[in-house]
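Visitor: Structure here, sequence nowhere to be found:
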Ligand SMILES: *Cc1c(COP(=O)(O)O)cnc(C)c1O
């Protein structure tokens, strides 16, 4: 291990105003995991969530039993949606709900949005969008007889306003883009995308999975029409924790999603004949909401509320900037290529680096407790979660990648 690099990391950690937050996470001191660089795929749990979930099981579930629905749980998808909207989405109350997975909410939002643009025949999406987004849209286009208009985006970058303007037309009903690209971390100019989309008379649905909790969002002022995102990445909700959906207030009276379940009906406990959508954002619901899965998200939202999104983003930019420096110094000379934007204002919270050996190296890194993600065909993704990742972790991780690359350069004996 190179001591100067570690000394520099120690100085950066000491100067980092969010450094002490790391100790609030379960397992942050576990020496068998010297570098967790995948908090953008599955965030670490907070200690506070341990207490919250235990108290919920004993007091709320065990103590209140079915009465809990009347007392608290029935309203929780909307109450938690409002908390999320205020803390991290830049959205006023009454437009956000929690439940289902990102995949399912994306389907419900896209179908609802398309119903608002009858007669238009195209959905615009980019080739490097996350697989579930592409597949869900393929399914919808197949069922409704629509055409997918693909933007051939740069896998090292993303979609810019000119490319989007060239793809939309009077045929476009809906544009679906990721705000931060899952591969390159390219950060979309969402306000410009909304403008270009609206100029064509279409609607914009943003996937926020890789930006929520890492990049400040201003959904209301950017003019975004619909948004979806997951809560188990930077929001540390735990494996399979429910997603969120945002529907701009002006559409709510007319918006109809396709899964007409009893929990999204007006007055569900009347058990009446015929579906009538509930008032407001509640109509996004279909079945019984996943209350247990919503618990841990609250702890991260409280923490972000304390730190402030500006400080979270500042740490995130510092982490990716530092990681870029180390990659240039230690990995580029060994043949690695940087596949993320170099300008911090166009970059989200992770970094993508490519090398032909990364597929084979990832298992070796995981074995030594250095845990980045691999994305085919040859990309190593370094996820740097601003509340839980230290500069030391970044250093230890990148030096470990260098050691493995050097080792795999040696001919087998
Ligand atoms: C992680 C991720 C998803 C995940 O969707 P699920 O339904 O939760 O599996 C969707 N979109 C993007 C951009 C993602 O990064």
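Guide: Perfect, thanks for sending it. No experiment lies behind these values; they were computed from the predicted model shown. Numbers count the residues shown, from 1 in each chain.
Visitor: Tell me how many other residues crowd the closest residue to the ligand within the stretch 151-300 of the chain.
Guide: When C-beta to the nearest ligand atom is the measure, the stretch 151-300 of the chain has its nearest residue to the ligand at residue 209, with 3.4 Å between them. C-beta: built from backbone N, CA, C; applies to glycine. Neighbour count of residue 209, defined by other C-beta atoms under 10 Å: 25.
Visitor: isn't residue 156 right up against residue 185?
Guide: No - judged on C-beta atoms under 8 Å, residue 156 makes no contact with residue 185 at a distance of 9.9 Å.
Visitor: Common neighbours of the two, please.
Guide: Here residue 156 and residue 185 have 340-341, 352 as joint contacts, going by C-beta atoms under 8 Å, 6 or more residues apart in numbering.
Visitor: Redo these as a markdown table? Include distance to residue 322 and neighbour count.
Guide: As requested, the shared contacts of residue 156 and residue 185 are exported to a markdown table (distance: C-beta to C-beta, whole Å; neighbours: other C-beta atoms under 10 Å):
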| residue | distance to residue 322 | neighbour count |
| --- | --- | --- |
| 340 | 14 | 26 |
| 341 | 16 | 22 |
| 352 | 16 | 23 |
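Visitor: From these, pick the one nearest the ligand.
Guide: Using C-beta to the nearest ligand atom, the shortest approach to the ligand within these belongs to residue 352, at 13.0 Å.
Visitor: Can you tell me the closest non-neighbouring residue to that closest one?
Guide: Excluding the flanking residues, the one nearest residue 352 by C-beta to C-beta, 6 or more residues apart in numbering is residue 339, at 4.2 Å.
Visitor: dump the residue contacts of the one you found.
Guide: 155-156, 183-184, 352-354, 379.
Visitor: Those into TSV, with extra columns for pLDDT and secondary structure?
Guide: Converted to TSV, the contacts of residue 339 look like this (pLDDT from 0 to 100; DSSP: H, G, I helix; E, B strand; the rest coil):
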residue	pLDDT	secondary structure
155	91	coil
156	94	coil
183	96	coil
184	98	coil
352	98	strand
353	98	strand
354	98	strand
379	97	strand
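Visitor: got a winner among the residues you listed for most neighbours?
Guide: Counting neighbours by other C-beta under 10 Å, residue 184 leads those with 27 neighbours.
Visitor: That one and residue 256, how far apart?
Guide: 35 Å (C-beta to C-beta, to the nearest Å).
Visitor: Then residue 110?
Guide: 13 Å.
Visitor: So for the two, which sits in the more crowded spot?
Guide: Higher neighbour count among residue 110 and residue 256: residue 110, with 27 against 13, using other C-beta under 10 Å.
Visitor: how about the nearest residue to the more buried one, chain neighbours excluded?
Guide: Computed as C-beta to C-beta, 6+ apart, the closest residue to residue 110 that is not its neighbour in sequence is residue 140, at 5.7 Å.
Visitor: Which parts of the protein are strands?
Guide: Applying DSSP state E to the chain gives strands spanning 35-36, 96-98, 122-126, 147-151, 172-178, 203-207, 226-229, 244-247, 337-338, 350-354, 370-371, 373-375, 379-383.
Visitor: tally of neighbours for residue 401?
Guide: Residue 401 is flanked by 29 other residues according to other C-beta under 10 Å.
Visitor: can you check residue 288 too?
Guide: Number of residues near residue 288 (other C-beta under 10 Å) recorded here: 13.
Visitor: just residue 304 next, same as before
Guide: Using other C-beta under 10 Å, residue 304 has 23 other residues around it.
Visitor: and residue 366, how far is that from the ligand?
Guide: Distance of residue 366 to the ligand, computed by C-beta to the nearest ligand atom, to the nearest Å: 19 Å.
Visitor: burial measure for that residue, as a count.
Guide: 15.
Visitor: what do you get for residue 47?
Guide: So residue 47, with other C-beta under 10 Å, has 14 neighbours.
Visitor: what's the answer for residue 261, then?
Guide: Neighbours of residue 261 under the rule other C-beta under 10 Å: 13.
Visitor: how about the residues of the stretch 1-150 of the chain near the ligand?
Guide: Contact residues (C-beta under 6 Å from any ligand atom) of the stretch 1-150 of the chain with the ligand: 101-103, 130, 132-133.
Visitor: roughly how far apart are residue 13 and the ligand?
Guide: Noted for residue 13: a distance of 28 Å to the ligand, by C-beta to the nearest ligand atom.
Visitor: Was I right to think that residue contacts residue 392?
Guide: Yes - with contact defined as C-beta under 8 Å, residue 13 counts as touching residue 392 (5.8 Å).
Visitor: Next one, pLDDT for the nearest residue in space to residue 33 that is not next to it in sequence please.
Guide: Spatial nearest neighbour of residue 33, excluding adjacent residues (C-beta to C-beta, 6+ apart): residue 369 at 4.3 Å. Residue 369 is assigned 97 on the pLDDT scale.
Visitor: who's in contact with residue 369?
Guide: 32-35.
Visitor: go on, residue 229?
Guide: 102, 207-209, 211-212, 243-244.
Visitor: any idea which of those residues has the most stuff around it?
Guide: residue 244 (30 neighbours).
Visitor: and the gap between the nearest residue to that residue once chain neighbours are set aside and the ligand?
Guide: Excluding the flanking residues, the one nearest residue 244 by C-beta to C-beta, 6+ apart is residue 98, at 5.0 Å. Residue 98 sits 13 Å away from the ligand, going by C-beta to the nearest ligand atom.
Visitor: Then residue 119?
Guide: 29 Å.
Visitor: now do the same end-to-end measure for stretch 180-189.
Guide: Using C-alpha to C-alpha, to the nearest Å, one end of stretch 180-189 lies 10 Å from the other.
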